[in-house]
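> let's see this in three dimensions:
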Amino acid sequence: MADGLAAVERSGNRRVRAQILCRLGEANLQIGEVTEAEYAFTRALETVRSVGDPVGECYVLRGLAIVRWRQGSHDAAYEMLEQAMAIATRAHEYLAIGRIRLSLGEVAADRGRHACAREHFAAALEIFERMRATRWREQTLRLMDEVGAAPGSGEAADDDAAAAYARASSG
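Model prediction:
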């Protein structure tokens with residue numbers, strides 16, 4: 001990917017540069033390199049904003065929000081996701097809206113706010129089913145099962161569910 005980025009840098013194609021940086025950020029998140037992911041997403045955000053790409057911006061903000069979440073800054077992550085949601089909504093970018101709702105649900109679940117998480121997951125599921133986005137639908141159903149499996153209901157039970165969710169997500 002670094003070779004591809006270098007070639008794109010030479011060509012001057014900033015949209016492709018932003019896409020590669022975003023993918024690089026996602027790859028770094030997958031292998032646990034949060035600092036490297038943050039660097040890639042930050043560079044991608046600067047690029048998408050410079051070319052006026054709102055769809056790219058909402059995806060990059062989602063990536064940065066996941067970085068904040070992994071760093072333990074849940075409130076910052078949630079705010080960034082809400083910002084991404086506003087941009088995606090204005091752009092009528094439904095797949096992005098679904099993915100952002102899914103991330104909002106994950107952050108809410110991690111904070112022990114399972115009723116809120118279930119609302120976000122249900123909204124994401126509706127979008128993914130309408131779009132026939134099977135991969136995202138399956139991921140949403142898995143997360144819904146994890147959150148819905150909590151004993152009881154209400155905020156007290158949500159604390160137990162938060163611990164169960166954290167265990168399930170980390171494995």
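
> phi, psi of residue 74?
Torsion angles at residue 74 (phi, psi; degrees, to the nearest 10) stand at phi -60, psi -40.

> am I right that it is in contact with residue 107?
Yes - using C-beta atoms under 8 Å, residue 74 is in contact with residue 107, at 5.9 Å. All C-beta atoms are positioned from the backbone trio N, CA, C, and that covers glycine.

> residue ranges with poor pLDDT in the protein?
Within the chain, the ranges that satisfy pLDDT under 70 run 1-10, 149-171.

> so where do the helices sit in it?
Using DSSP state H, the helices found in the chain span residues 2-11, 14-30, 34-51, 54-70, 74-91, 94-110, 114-131, 134-148, 154-170.

> any chance of those helices in a markdown table, plus mean neighbour count?
Compiled in a markdown table, the helices of the chain are given as follows (neighbours: other C-beta atoms under 10 Å):
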| stretch | mean neighbour count |
| --- | --- |
| helix 2-11 | 12 |
| helix 14-30 | 19 |
| helix 34-51 | 19 |
| helix 54-70 | 23 |
| helix 74-91 | 18 |
| helix 94-110 | 23 |
| helix 114-131 | 19 |
| helix 134-148 | 17 |
| helix 154-170 | 14 |
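
> wait, residue 56 touches residue 21, no?
No - using C-beta under 8 Å, residue 56 makes no contact with residue 21, being 9.9 Å away.

> okay, and the common contacts of the two?
Common neighbours of residue 56 and residue 21 (criterion: C-beta atoms under 8 Å, 6 or more residues apart in numbering): residue 44.

> could you dump stretch 45-65 to CSV, C-alpha only?
Backbone C-alpha positions of stretch 45-65 (Å, rounded to 0.1, in the frame of the first residue of the first chain) are rendered in CSV as follows:
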residue,chain,number,x,y,z
LEU,A,45,-9.2,13.8,6.5
GLU,A,46,-7.1,16.8,5.5
THR,A,47,-7.1,15.5,1.9
VAL,A,48,-10.9,14.8,1.6
ARG,A,49,-11.6,18.2,3.0
SER,A,50,-9.2,19.9,0.6
VAL,A,51,-11.0,18.3,-2.4
GLY,A,52,-14.5,18.8,-1.0
ASP,A,53,-15.5,15.1,-0.8
PRO,A,54,-18.3,14.8,1.8
VAL,A,55,-18.7,11.0,1.3
GLY,A,56,-15.0,10.5,1.8
GLU,A,57,-15.1,12.8,4.9
CYS,A,58,-17.9,10.8,6.6
TYR,A,59,-15.9,7.5,6.1
VAL,A,60,-12.7,9.0,7.4
LEU,A,61,-14.4,10.6,10.4
ARG,A,62,-15.9,7.2,11.2
GLY,A,63,-12.3,5.7,11.1
LEU,A,64,-11.0,8.5,13.3
ALA,A,65,-13.9,7.9,15.7
